[in-house]
Every structure is written in structure tokens, then in C-alpha cells.
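# make a model of this:
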Amino acid sequence: MRALKHALVWIALWAFWVFISRGHHPTLFIDMVATAMLMLASAAAFYANIDVLVPRFWATGRRLAWGAAFVVLVAGLAVVTTLVIAAFYDAAWGPDPDRYSFGMNVAMESAWIAIHALGGAVLMRSMGRVARAS
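Below is the predicted model:
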């Protein structure tokens, strides 16, 4: 049941961002695929953070190690996501004259992934507190 709830939340976020970002892509299909890649990377960062990084580093008081590992995780996912989206864009649309630089795309994808991963962790923790209090 937990997996289904999580899947529905990620799908709802995907749909929300597809709607919001529709004017930033040449076609709806490209928007849907690019946003799906970003949501997959965000979900990967979220689960890696709560299942691996938090128990290994944060819960043991090694906050600096957690921060460094989180930055490496997010940056790695952002680089891969940027490359995948760029390759898809080129195949589906051709070279985009409005494309940002590789570095700018990695920075934007890093921010996107980090916000979703950390926001999800905060939300999950607060929901756990609400459930325990009731």
C-alpha cells in the first residue's frame, strides 16, 4: 500500500510539473518525457537519501558526511538526467537553439532534484509525526 501511495504522489507531481512547464518545451510529448526524467531522478535521490544516506550518516550524527554524499548523489543524477534529456531532445526535435549551456542545465536539474528529494523527506517525516500524534 505504501508503494502505491508513493507512486501516486510522484505521478501527481509529474502531472503538475508537466502542466506548469508546458510552455518551456516545443511539444507536449517532449515536456512529458523531460519531466518524467526529472521526476525519476528526484525519486531516486529521495529514496537513496531516506534509505541509505540518512541512516548511514544523518542518524549517526555525521551531518557533514551526509551533506557531501547528498551533493554527490544529486550532482551525479543531474549530470545523467541532463545528458538523457539532451539526447532525447536532439532525437525528437533536433538541436534546440534555446537550449541552456550544459553547466546551466546541470545546475537547474540539481536544484530541481534536491528540492524534491529534501521536500519529500521533510513531508514524510512530518506525516510520520502527525500519524504518531493521532
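# tell me which element the residue most central in space within the chain falls in.
Nearest residue to the geometric centre of the chain (C-alpha atoms, centre = their mean): residue 42, 1.9 Å. Taking DSSP states H and E as the criterion, residue 42 maps to helix 28-48.
# who touches that helix?
10, 13-14, 17-18, 21-22, 24-25, 73-74, 77-78, 80-81, 84-85, 88-89, 92-93, 109, 112-114, 116-117, 120-121 (C-beta atoms under 8 Å, 6 or more residues apart in numbering). To be clear about C-beta, it is placed using only N, CA and C from the backbone, and glycine gets the same treatment.
# just say helix, strand or coil for residue 96.
coil (DSSP: H, G, I helix; E, B strand; the rest coil).
# for it, give me the pLDDT.
Looking at residue 96, its pLDDT is 73.
# count of residues packed around the nearest residue to it once chain neighbours are set aside?
Leaving out its chain neighbours, the residue that sits closest to residue 96 by C-beta to C-beta, 6 or more residues apart in numbering is residue 89, at 5.7 Å. Residue 89 has 18 neighbouring residues, counting by other C-beta atoms under 10 Å.
# would you mark the buried spots in the helix or strand containing residue 89?
Here residue 89 sits within helix 63-92, counting by DSSP H and E. Within helix 63-92, the residues that count as buried by 16 or more other C-beta atoms under 10 Å are 66, 69-70, 73-75, 77-78, 81-82, 84-86, 88-89.
# can you list the buried residues in the helix ranked longest in the chain?
Longest helix of the chain, by residue count under DSSP state H: helix 102-133. For helix 102-133, the neighbour count (16+ other C-beta under 10 Å) marks 105, 106, 109, 110, 112, 113, 114, 116, 117, 120, 121 as buried.
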